[in-house]
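Student: With the input below, show me the fold.
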Amino acid sequence: MIKFGLNSLTTILGETVKHSSEVEGNAMKQVTFLSLMTVLGAVGAMQTPFWGVLLYYTLAMLRPQHLWEWALDGSIRWSLLAAMITLLSFWLHLSRLITRSAFNSMVTLIILYAVLVMFSTITAFNPQIAQGWAIEYAKVMIIAVVASMVIEHFWQVRLLALMVLLMLGYIAWEINFLYFFQGGRLNIFHYGYGGLDNNGAGLLLAMGVPFAYCFALSPEKGIMRWWPVAAAFLGLVILHAVMMTYSRGAMLATAVGILWVLIHHRPRWQSGAAAIGLVLVLSVMAGPQIQERFLSTTNYKTDASALSRFESWSAAWQIAWENPVLGKGIRNSNQYTHNFGADYQGRTIHNQYLQIAADTGIPAAALYMLMLGFGMWNFRRARMMCRDSLKDAPDEDARQRIQHASRICLACQASLLIFIFDGMFLSLEMFETPWLLMVIAGVLPRVMKPHLESLCSPAEDEEAHIDLPSPITPRGIKEALTKPRLPGTTTTPV
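Tutor: Numbering: from 1, shown residues only. Here you go, the predicted structure:
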């Protein structure tokens, strides 16, 4: 099996290199970059499976086949290639991972949810539709389980959080570049991004805003002291990109996430100052059309888009209660929403929880919401661990690093809350970002404990542990003569 995986990987990489040689001009840069990143990720994954997980989620979030569609060969699925690398690495390190990894509660919930999805696929009214979606489900959940067993240290969680900020920040930069430097192009509004419409793209970007917060306050020193400024800049770039989607749900969810961060941030005077600053900045960034679009959420009783969602929600509720155990099958309910009052045939339900209830059954929807709730609870639990450790911080540097760890937990929690809130208006079961956050929530309390212990119990100088007895007492003289000596030292009789 290992030989087969290596041969497949070699073949795909060979095709990538071959395609690279056929691309000219600027297109070569994107292909070369992805090829180099994939090769480096594969080499690192053979040593530690975490690098394969990082590579997979990087490509799954960046979605290069859509970002650089003009430069890439559509036959190469980069995230699938990264998934193969991750699974191969996991297989090679399986014996060590099984003995060292803790099987957390989130993994159990994910597996139970996967079982319900499998049965719903088998009993689907239209198996062909269900099977196509089930394959995507399988990739997402298998990698989630693997990642839960692979993440073993807090620095890995921090690196994943940084990856989310950088990838979403880069996507937002590309969107802003098209708008400011290429004649006001609003591709994100008209065409969406990465197979998502403008609403889905808005949610994708919105989930990156809290990570800009935690890294903008990171305790960097020396050459990296510029990084907080760069993180704050990326946060503003992402915020403006969210506005350009004209997605009211994404803008409202972003506001909820920012409010959550401001409420829980300490000290409070910084929260107040940040709130005033954001109001001033956003009033400048949001033009009259964006402001009008956002404020139109109050007209939901007469808004055609809102009314159509209410109709599809009502249809989903009826479908779910007609098939309460396993539902109609994954994305099969869309074929029946018109029969129950939706505005047209094939109408998507536009509600994550009702979509799952109608497609996979009420137990699956309840289990999915339990996973989200458990994720929020675990992030809070990790934050409380950081708060309790502050009193044991030996110095100001350790205190700042504990606070930074707490802010990463808060950013993950706020990002997941953004998804939970906007999930009431969208159907995005295979959205990778919330699955990554649920994985992090499952492992965070376990990896946070040794990280905090290392900060609260720093290694001291070896000589500080040497007990020097008093030389003016007989007992002190005896201890000085009989105490084990350090290498290279001598004992001088008193």
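Student: drop to CA atoms for contacts and neighbour counts, all remaining ones
Tutor: OK.
Student: which stretches of the chain aren't confidently modelled?
Tutor: Along the chain, the parts satisfying pLDDT under 70 run over 1-27, 70-71, 73-75, 101-102, 222-223, 297-298, 301, 458-494.
Student: what's the domain layout of it?
Tutor: The record's domain split for the chain, according to automatic domain parsing, is 1-100, 103-456.
Student: so how far is residue 427 from residue 122?
Tutor: Per C-alpha to C-alpha, to the nearest Å, residue 122 is found 21 Å from residue 427.
Student: That should have said residue 145, apologies.
Tutor: Separation of residue 145 from residue 427 (C-alpha to C-alpha): 22 Å.
Student: ok, now residue 375?
Tutor: When C-alpha to C-alpha is the yardstick, residue 375 and residue 427 sit 19 Å from each other.
Student: who has more neighbours, the two?
Tutor: The residue with more neighbours, out of residue 375 and residue 427, is residue 375; 25 against 20, by other C-alpha atoms under 10 Å.
Student: leaving aside the residues next to it on the chain, what's closest to that one?
Tutor: Nearest-residue entry for residue 375: residue 441, 5.0 Å, with adjacent residues in sequence omitted and distances by C-alpha to C-alpha, 6 or more residues apart in numbering.
Student: That neighbour reaches residue 380, doesn't it?
Tutor: No - between residue 441 and residue 380 there is no contact under C-alpha atoms under 8 Å: 9.4 Å.
Student: quick revisit: of the domains of the chain, flag the one that's most buried.
Tutor: Among those, ranked by average contacts under mean count of other C-alpha atoms under 10 Å, first place goes to domain 103-456 (a mean of 19).
Student: Regarding residue 328, what is its secondary structure?
Tutor: Of the three states, residue 328 takes coil under DSSP: H, G, I helix; E, B strand; the rest coil.
Student: Quick check: it vs residue 450, distance?
Tutor: 46 Å.
Student: For residue 425, give its distance to residue 418.
Tutor: For residue 425 relative to residue 418 (C-alpha to C-alpha), the value is 12 Å.
Student: repeat for residue 299
Tutor: For residue 299, the distance to residue 418 - C-alpha to C-alpha - is 22 Å.
Student: again with residue 296
Tutor: Separation of residue 296 from residue 418 (C-alpha to C-alpha): 20 Å.
Student: go on, residue 303?
Tutor: To residue 418, residue 303 is 23 Å away according to C-alpha to C-alpha.
Student: next one: residue 99
Tutor: As judged by C-alpha to C-alpha, residue 99 and residue 418 stand 36 Å apart.
Student: same deal with residue 234?
Tutor: In terms of C-alpha to C-alpha, residue 234 sits 18 Å off from residue 418.
Student: And residue 176, by the same measure?
Tutor: When residue 176 is compared with residue 418 (using C-alpha to C-alpha), they lie 22 Å apart.
Student: next one: residue 31
Tutor: For residue 31, the distance to residue 418 - C-alpha to C-alpha - is 33 Å.
Student: likewise residue 281?
Tutor: Residue 281 is 21 Å from residue 418, by C-alpha to C-alpha.
Student: Also residue 117?
Tutor: 25 Å.
Student: wait, what's in contact with residue 161?
Tutor: The neighbours of residue 161, taking C-alpha atoms under 8 Å, 6 or more residues apart in numbering as the test, are 211, 408, 412.
Student: Which strand or helix spans residue 266?
Tutor: Residue 266 belongs to no helix or strand when assigned by DSSP states H and E.
Student: All the helices of the stretch 151-300 of the chain, residue numbers only.
Tutor: Taking DSSP state H, counting those that start in this stretch to define them, one finds helices in the stretch 151-300 of the chain at 154-181, 187-190, 198-206, 209-216, 227-244, 248-264, 268-285, 288-295.
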